[in-house]
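Engineer: Below is the sequence, then the predicted model.
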Protein chains: 2
Amino acid sequence: MQDNIKKPLILVTNDDGITSKGIQLLAEVMKEFGEVVVLAPESPQSGMGHAVTVSKTLRLIETRHFNGIPSYQCSGTPVDCVKLAKHHVLRDRKPDLVVSGVNHGANTSISVVYSGTISAALEAAIDDIPAIAFSLCDFSPDADMMHVIPFIREITGNVIEKGITPGVALNVNFPAHEKEMIRGIKICRQAHARWHETFDQRYDPSGREYFWLAGDFVNMDKGEDHDVWAIENNYVAVVPLHTDMTAHFLIDQLSRSFNGKK
Amino acid sequence: MQDNIKKPLILVTNDDGITSKGIQLLAEVMKEFGEVVVLAPESPQSGMGHAVTVSKTLRLIETRHFNGIPSYQCSGTPVDCVKLAKHHVLRDRKPDLVVSGVNHGANTSISVVYSGTISAALEAAIDDIPAIAFSLCDFSPDADMMHVIPFIREITGNVIEKGITPGVALNVNFPAHEKEMIRGIKICRQAHARWHETFDQRYDPSGREYFWLAGDFVNMDKGEDHDVWAIENNYVAVVPLHTDMTAHFLIDQLSRSFNGKK
């Protein structure tokens, strides 16, 4: 690449926090594609969804967690990180790409609404910035991720070369490392599934009750065109996501129901 | 209503916190429709989106903020409240309806991804429980809400009588109180708009930098079939929402882009 060709500006973030293995790997791979800046939460922010910090102050400090890459940690959520990067750290230079992850744990199906990793990518998409969320279906903090690097390269290269429709982010889930080779990339829809929660009720040393959220993932979707199926069949699952949550198919029916004549 | 006809079980929550005016009003109106239980955040949770509390413990205590209505406050997010209600407080009696609000401030357009009020309703919808989020386009803590009561009644009555398609929640926004009469109910789609953020950079008494998130709502959508238009034209805006965030229109194009042959 010639010096006079401007390198893409790539923002890297996540929800597991700036010291996680997944973001270290992702930032390293991104160096092959452009100028990288890391801005990630100072502590784990799993399950923070699209939360923004509005009733507390935000702190931001420069870190040295990344070998030679400008990096910052923030007291807020993944979405805060993307907003702070765009409007403060990057001084309104718009990133050419925002990548989030590699998340330690699956973000398929309904997890898109709970995951800070996904919301960081969607926050970029809201501003028409190409964005990709990467997740590995393995919760282990030292999970083996070497097998996903070629796919991170392929998907990132494709997005940088061809762009993404404005407003859309890619949700990429990788199978955990197994002996069997990954069979390829499958573009799919979000599976229709949910978490079935339980609460673990305990008592603290003062005898006061508290709760831990726990639960199991329940897939009700028999299709073979969704992300859970793709992972179960050893494909990389890629779901295009956007933030239009309107149930368009219901608008006419509801109009008749509420307004009669219309 | 005869005693032997089972009253609907209605869960009331919000994101402004259990002491806000909006939830007091909503719980009172719901008493006309069924058996009411309130479970809401102990403190304001605006902007918490679909966050769940997974890395901290949850506290839950019974309160007396509501005249004769069983009520509980929770240390967590609006989504935590719905989960705790379903799985602990209601002892797995599934509510017939979940209502969230009345939020002090608009939740139109892209605000659906940031708002805890909306996410509480969507959390119920994920479990196929009919759900409605109510928001008033007035941020004032003592906003006049009398003008919206007939519409809360109409929409709630409609949903209890006719149900909602499983997986869908209604996002209802009311115009702020003005002299002009509200023109009616408009079923619409979510407007294509975004927040343009700025960060207010300050220094604490120790000289350390911190930030406040601030910003303006920017509507880019020229349509007349969306929620922002409806509010600007003095209608009650009702948007059916669901949690399928797949950009279905892009699946074929991306399949060709990534897999060539497929």
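Structural biologist: Arrived safely, thanks for sending.

Engineer: Helices along the stretch 51-200 of chain A, start to end?
Structural biologist: A:78-84, A:111-114, A:116-126, A:149-162 (DSSP state H, counting those that start in this stretch).

Engineer: Now mean pLDDT and distance to chain B too, for those, in TSV please.
Structural biologist: For the C-beta atoms, the positions are set from N, CA and C on the backbone; glycine is no exception. TSV is the format used below for the helices of the stretch 51-200 of chain A (pLDDT from 0 to 100; distance: least, C-beta to the nearest C-beta, whole Å):
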stretch	mean pLDDT	distance to chain B
helix A:78-84	96	5
helix A:111-114	96	4
helix A:116-126	98	5
helix A:149-162	97	6
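
Engineer: Distance to A:A176 added to these, as CSV?
Structural biologist: Below are the helices of the stretch 51-200 of chain A laid out as CSV (distance: least, C-beta to C-beta, whole Å):
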stretch, distance to A:A176
helix A:78-84, 22
helix A:111-114, 15
helix A:116-126, 16
helix A:149-162, 13
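
Engineer: Mean neighbour count added to those helices, as TSV?
Structural biologist: Output for those, formatted as TSV (neighbours: other C-beta atoms under 10 Å in any protein chain shown):
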stretch	mean neighbour count
helix A:78-84	29
helix A:111-114	25
helix A:116-126	30
helix A:149-162	16
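
Engineer: And those helices: which comes nearest A:K94?
Structural biologist: In this view, those are compared for proximity to A:K94 by C-beta to C-beta, and helix A:116-126 is the closest at 9.7 Å.

Engineer: The closest one packs against which elements?
Structural biologist: Based on contacts counted as 3 or more C-beta pairs under 8 Å, 6 or more residues apart in numbering or on different chains; DSSP states H and E, the elements that helix A:116-126 packs against are helix A:78-84, strand A:97-104, strand A:131-136, strand A:169-174, strand A:236-241, helix B:111-114.

Engineer: and with 6 Å instead?
Structural biologist: The contact analysis (3 or more C-beta pairs under 6 Å, 6 or more residues apart in numbering or on different chains; DSSP states H and E) places helix A:116-126 against helix A:78-84, strand A:97-104, strand A:131-136, strand A:169-174.

Engineer: Of the helices of the stretch 51-200 of chain A, which is nearest B:R64?
Structural biologist: When these are ranked by distance to B:R64, counting by C-beta to C-beta, first place goes to helix A:111-114 at 32.3 Å.

Engineer: what does the stretch 151-262 of chain A have sitting close to chain B?
Structural biologist: Counting by C-beta under 6 Å from any C-beta of the partner chain, the positions of the stretch 151-262 of chain A adjacent to chain B are A:165, A:168, A:185, A:187, A:189-190, A:194, A:197, A:199, A:210-211, A:213, A:239-247, A:250-251, A:254-255, A:258.

Engineer: Just to be sure, which of those residues are found in strands?
Structural biologist: Among those, the members falling in strands are A:185, A:187, A:194, A:197, A:199, A:210-211, A:213, A:239-241 (criterion: DSSP state E).

Engineer: What about the residues you listed, which one has the most neighbours?
Structural biologist: When these are compared by neighbour count (other C-beta atoms under 10 Å in any protein chain shown), A:V239 ends up highest, at 30 neighbours.

Engineer: Please name the bridge partners of that residue.
Structural biologist: When bridges are called by DSSP bridges, A:V239 pairs up with A:N171.

Engineer: just checking, it touches A:V172?
Structural biologist: No - assessed by C-beta atoms under 6 Å, A:V239 is found out of contact with A:V172, at 8.1 Å.

Engineer: Double-check A:L254 against B:C188; I have them as touching.
Structural biologist: No - counting by C-beta under 6 Å, A:L254 stays clear of B:C188, with 9.6 Å between them.

Engineer: who's more crowded, these two?
Structural biologist: When neighbours are counted by other C-beta under 10 Å, B:C188 comes out ahead of the other of A:L254 and B:C188, with 27 against 23.

Engineer: who's in contact with that one?
Structural biologist: For B:C188, the set of contacting residues under the criterion of C-beta atoms under 6 Å, 6 or more residues apart in numbering or on different chains consists of B:225-227, B:230, B:237, B:239.

Engineer: Ok, A:T53 next?
Structural biologist: Under the criterion of C-beta under 6 Å, 6+ apart, the contact list for A:T53 reads A:76, A:80.

Engineer: how far away is it from B:G47?
Structural biologist: A:T53 sits at a distance of 7 Å from B:G47 (criterion: C-beta to C-beta, to the nearest Å).

Engineer: Check A:A121 too.
Structural biologist: Spatial separation of A:A121 from B:G47 under the definition C-beta to C-beta is 18 Å.

Engineer: next one: A:V168
Structural biologist: Using C-beta to C-beta, one gets 24 Å for the distance from A:V168 to B:G47.

Engineer: repeat for A:F211
Structural biologist: From A:F211 over to B:G47 (counting by C-beta to C-beta), the distance is 23 Å.

Engineer: next one: A:G116
Structural biologist: To B:G47, A:G116 is 14 Å away according to C-beta to C-beta.

Engineer: swap in A:L241?
Structural biologist: Following C-beta to C-beta, the distance that separates A:L241 from B:G47 is 20 Å.

Engineer: Equivalent analysis for A:S55, please.
Structural biologist: Counting by C-beta to C-beta, the separation of A:S55 from B:G47 is 8 Å.

Engineer: ditto for A:L9
Structural biologist: For A:L9, the distance to B:G47 under the criterion C-beta to C-beta works out to 27 Å.

Engineer: Who has more neighbours out of those two?
Structural biologist: For the pair A:L9 and B:G47, the greater number of neighbours falls to B:G47 (21 against 16), based on other C-beta under 10 Å.

Engineer: Are we agreed that that one is in a strand?
Structural biologist: No - assessed with DSSP: H, G, I helix; E, B strand; the rest coil, B:G47 is coil; it does not lie in a strand.

Engineer: correct me, but it touches A:K56?
Structural biologist: No - proximity of B:G47 to A:K56 does not meet the contact threshold set by C-beta under 6 Å, at 10.3 Å.

Engineer: what about A:G163, how many residues close to it?
Structural biologist: 12.

Engineer: Disregarding residues adjacent in the polypeptide, which is nearest to it?
Structural biologist: Distances taken as C-beta to C-beta, 6 or more residues apart in numbering or on different chains put A:P130 closest to A:G163, at 5.9 Å, once the chain neighbours are dropped.
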